[in-house]
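> Dropping a prediction and its sequence here:
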2 protein chains.
Amino acid sequence: MKKDILIYGICCGLLILVLRLVEYRFLIIDNKLELYGGAVALIFVVLGIWFGSKLAKKKEVIVVKEIKVKEDVPFILNEENLKSVGMSKREYEILEQVAKGLSNKEIADTLSVSENTIKTHTSRIFEKLNVNRRMQAIQRAKEMGLLP
Amino acid sequence: MKKDILIYGICCGLLILVLRLVEYRFLIIDNKLELYGGAVALIFVVLGIWFGSKLAKKKEVIVVKEIKVKEDVPFILNEENLKSVGMSKREYEILEQVAKGLSNKEIADTLSVSENTIKTHTSRIFEKLNVNRRMQAIQRAKEMGLLP
DNA sequence: TTTATCGTCATACTTTCGGGTGATTTTGCT
DNA sequence: AGCAAAATCACCCGAAAGTATGACGATAAA
């Protein structure tokens, strides 16, 4: 940028010098003032345009480029569906454990209850989700927005 | 753009007109040619710069804008992991069926093989995935990018 | 050609699941 | 206090799933 201004200044200086030399030799003598003015105007217009172009802040054209980013859906539990199937908190809790791939025994241990209890729960869960295997239950639950 | 050129032309015309009026009244009379030339130069430089700025080629700046889109990730199978666990095509095929929540019997029927065969396959799959239940196998597989 | 892998199937046994039934206790609400 | 819903547990049975082992043919690699 500074270099441009320097070049511009030098050009102007040289031009003015040339003009001063020229003006006394031809134009004044011929008294063609208009021609002289026109020449000056032309030259400086060209110079100005050139300089203006250089000076011009390049206009930014914002090109929005979409980049697909997988959105970590925070997972909002679909309470509506949860109610509509009439699942209790406890049952949902067990459903979560089932979704982890835990066996009834393991769930029973982690929740400190009998395995039979878990079986009762899972049975009811399957009934409410209208499935008959834990695998299907999980898929169904995910479809319904009950599980992430 | 065309409008700019038009405006520019009109400005030039007006300026020249003004200059012609002025030149005979003051400058010529005073014979201050240099001043006149300087004025013309100055005016046209300014005009040129202004015009040059307008003409300036616009520079495109690509601004990358991340947009979070809920997208169905097309799912690209992680071949690396598939090889690293040493799973065969057939085994992977069965794994997919398992992931659908199908029972061994159902898988056997859809693939037209014996249920025992499926059991053998699943056993090997579990072994390779280092799990011992189909539920866990699916989770493991998903973690490893073997399943969507 | 020999070896290794893969896919197929079978048999036997164990564990886990799911379905059904019934019972007792806890909890929340009126 | 009394009722309804939820949670707990048990027992049984059959089905499904998983474990272990062995076998046989096809095919690809060495």
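Perfect, thanks for sending it.

> And the helices in chain A, which stretches?
Taking DSSP state H as the test, the helices found in chain A are A:2-22, A:28-30, A:33-55, A:79-84, A:89-99, A:104-111, A:115-129, A:134-143.

> mean pLDDT for those helices: which is lowest?
Comparing mean pLDDT across those, the weakest is helix A:28-30, with a mean of 51.

> Return the residues in contact with A:K100.
B:Q139 (CB atoms under 8 Å, 6 or more residues apart in numbering or on different chains). C-beta coordinates here come from the backbone N, C-alpha and C atoms, glycine included.

> Get me the contact residues on chain A for DNA strand D.
Within chain A, the positions lying close to DNA strand D (CB under 7 Å from any atom of the strand) are A:86, A:88-91, A:111, A:113-114, A:116-117, A:119-121, A:133.

> filter these to the buried ones?
Buried members of these, scored by 16 or more other CB atoms under 10 Å in any protein chain shown, are A:E91, A:L111, A:H121.

> wait, what's in contact with the last one?
Going back to what we said before, that points to A:H121. A:R90, A:E91, A:I94.

> And the second one, by the same measure?
In this structure, A:L111 makes contact with A:E93, A:I94, A:Q97, A:I118, judged by CB under 8 Å, 6+ apart.

> Derive a ChimeraX selection command for the buried subset of those.
Burial among the contacts of A:L111 is assessed by 16+ other CB under 10 Å; the matching ChimeraX selection reads:
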select /A:94,97,118
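
> ok, the contacts of A:L111 vs chain B, which is closest?
Comparing the contacts of A:L111 against chain B with CB to the nearest CB places A:Q97 closest, at 10.8 Å.

> Could you tell me how far the closest one is located from DNA strand C?
10 Å (CB to the nearest atom of the strand, to the nearest Å).

> Please name the nearest non-neighbouring residue to that residue.
The shortest distance from A:Q97 to any non-neighbouring residue, by CB to CB, 6 or more residues apart in numbering or on different chains, is to A:I107 (4.3 Å).
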